[in-house]
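In: Test case, fold it:
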Amino acid sequence: MTKRRISMLLCAAVLTLCMASPPAFAADRSAACYYPIEVESYTAGDFDQPRIRKVYQLSLSDDPAGIPTEDFEEYGMTFHLMEMTRKTEVGVDTQPLTKAVTTDSKTGDLGEILKQLDAEIEAKTEDGYAGMLKLDYNSVQVEVKGYGTSTRNLSASRTYPNLSDADLSLVPKTVTEGGKTLNLADVKWSSTTDTEGEDVVTRYTATASYTGSVSSRCVTGYTVTADYTGEVAKTSCEVVIYTAIFGCTDVPYVNTAPTQGDGNPGGGGQDAPADSPAESDPPEDASQPSGDAAPDAAPSSGTAALSIAGCVGGIAALLAAAYWGFEKIKGRRSAA
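Out: The predicted structure follows:
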């Protein structure tokens, strides 16, 4: 019973020590995520190992912890961060800009309106960005600005011959022209004299003028709105350039160097590629946040060694105490 009890106590102690061990690392990735301004795939080293270079441009106030450094899949292979470099330089910062322009037009014909609009305009912002913006033809909109009344004068002429007298009552006071009613405005008379037997007969001809007007509702003008889009730049501003180099670990290492039997006096050793991550240390960068270079990597060797040493030491102490207690109980039984 005593041995079984001691074994249960040892198992409980080991479980307690393992559960009490704190995580070796924890990463806080609450910062915003940035996107590269340039991505390049290439091979490096004597064995043409795949590499991917990503370049990020940040301002001095941006937190570089938002640069993704985790392993990722590309081309069916797994890439991990090999090194991260930082460079501060005076460069050009760009940003997208859309500017809406409103103008008046006398016509609503889109084809004529596009001829009136500038293909490019110059834009400046209050914080010092400037550049040329191009017309977005799909954004052009035309709306009626207002309506008014348009009046058009109408006129017509009629001739009435063979009238017995120059009497206005013989002339119609209104006529219809184009569906519109016109009123009598003026009459001009002319006469001719004929002899009919012993009688002299005078005939009159009336030339009447009729006038009128017609009113219609018309558009007084149009309002045109259009967007100009593009990028504006600001020079002489400090930016920080981060360059992340990712390497692939899925490509197997092949020893292609000659062996000792092939005439290599150095024997069977094989040098690692010059670009191998095992042979090169990443550059020191005081601005790089701790743990950001490889957030998913294993704990550091120093932290792991201390954790293992503490666990082993605790177990050894428990084992020694249990053995001492067991021998003491055994001695008492022998003495009895």
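
In: does D62 sit in a helix, a strand or a coil?
Out: Classification of D62 by DSSP: H, G, I helix; E, B strand; the rest coil places it in coil.

In: and it, how many neighbours?
Out: Other residues within reach of D62, judged by other C-beta atoms under 10 Å, total 17. C-betas here are computed from N, CA, C, even on glycine.

In: Report the separation between it and Y129.
Out: Applying C-beta to C-beta, to the nearest Å, the value for D62 to Y129 is 18 Å.

In: Name the nearest residue to G230, sequence neighbours excluded.
Out: Take G230 and drop its neighbours on the chain: the residue closest to it by C-beta to C-beta, 6 or more residues apart in numbering is L133, 4.1 Å away.

In: Would you map the helices across the chain?
Out: For the chain, the helices defined by DSSP state H cover 2-20, 110-116, 301-335.

In: for this structure, what's the longest strand?
Out: Scanning the chain for the strand with the most residues, using DSSP state E, yields strand 199-248.

In: Report all helices and strands that that one contacts.
Out: strand 49-59, strand 77-105, helix 110-116, strand 120-124, strand 130-163, strand 174-177, strand 180-196 (3 or more C-beta pairs under 8 Å, 6 or more residues apart in numbering; DSSP states H and E).

In: and that strand, which strands flank it?
Out: strand 49-59 (antiparallel), strand 77-105 (antiparallel), strand 130-163 (antiparallel), strand 180-196 (antiparallel) (DSSP bridges).

In: Could I get the ones you listed in JSON lines, plus columns for mean neighbour count and distance to E120?
Out: Formatted as JSON lines, the strands paired with strand 199-248 follow (neighbours: other C-beta atoms under 10 Å; distance: least, C-beta to C-beta, whole Å):
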{"stretch": "strand 49-59", "mean neighbour count": "17", "distance to E120": "26"}
{"stretch": "strand 77-105", "mean neighbour count": "14", "distance to E120": "11"}
{"stretch": "strand 130-163", "mean neighbour count": "13", "distance to E120": "5"}
{"stretch": "strand 180-196", "mean neighbour count": "12", "distance to E120": "50"}
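
In: Ok, which of those comes nearest E122?
Out: Comparison of the strands paired with strand 199-248 against E122 by C-beta to C-beta identifies strand 130-163 as nearest, at 5.9 Å.

In: Run the angle between the closest one and strand 120-124 for me.
Out: Angle, strand 130-163 to strand 120-124, by axes from the mean of the first three to the mean of the last three C-alpha atoms, to 10 degrees: 130 degrees.

In: Mean confidence (pLDDT) on strand 130-163, please.
Out: Mean pLDDT, computed over strand 130-163, is 93.

In: Name all residues that make contact with the closest residue to I52 other than its chain neighbours.
Out: Nearest residue to I52 in three dimensions, chain neighbours excluded: F246, at 4.5 Å (C-beta to C-beta, 6+ apart). Residues near F246 by C-beta atoms under 8 Å, 6 or more residues apart in numbering: R51, I52, R53, K54, F72, F79, H80, L81, M82.

In: Residues in a beta bridge with the third one, which ones?
Out: Beta-bridge pairing of R53, defined through DSSP bridges, involves E40, I245.

In: For it, give me its contacts.
Out: Residues near R53 by C-beta under 8 Å, 6+ apart: E38, V39, E40, S41, Y42, T243, A244, I245, F246.

In: quick one: the second one from T181, how far?
Out: Which is V39. For V39, the distance to T181 - C-beta to C-beta - is 79 Å.

In: Can you report how many residues lie near S209?
Out: Neighbour count of S209, defined by other C-beta under 10 Å: 14.

In: Tell me how far the residue nearest to it when sequence neighbours are not counted lies from A156.
Out: Among residues not flanking S209 along the chain, D186 sits closest, at 4.4 Å (C-beta to C-beta, 6+ apart). Separation of D186 from A156 (C-beta to C-beta) stands at 12 Å.

In: any shared contact partners between the two?
Out: Residues touching both D186 and A156 (C-beta under 8 Å, 6+ apart) are S209.

In: Point out where the stretch 101-250 of the chain drops to low pLDDT.
Out: Scanning the stretch 101-250 of the chain for pLDDT under 70 picks out the ranges 236-237.
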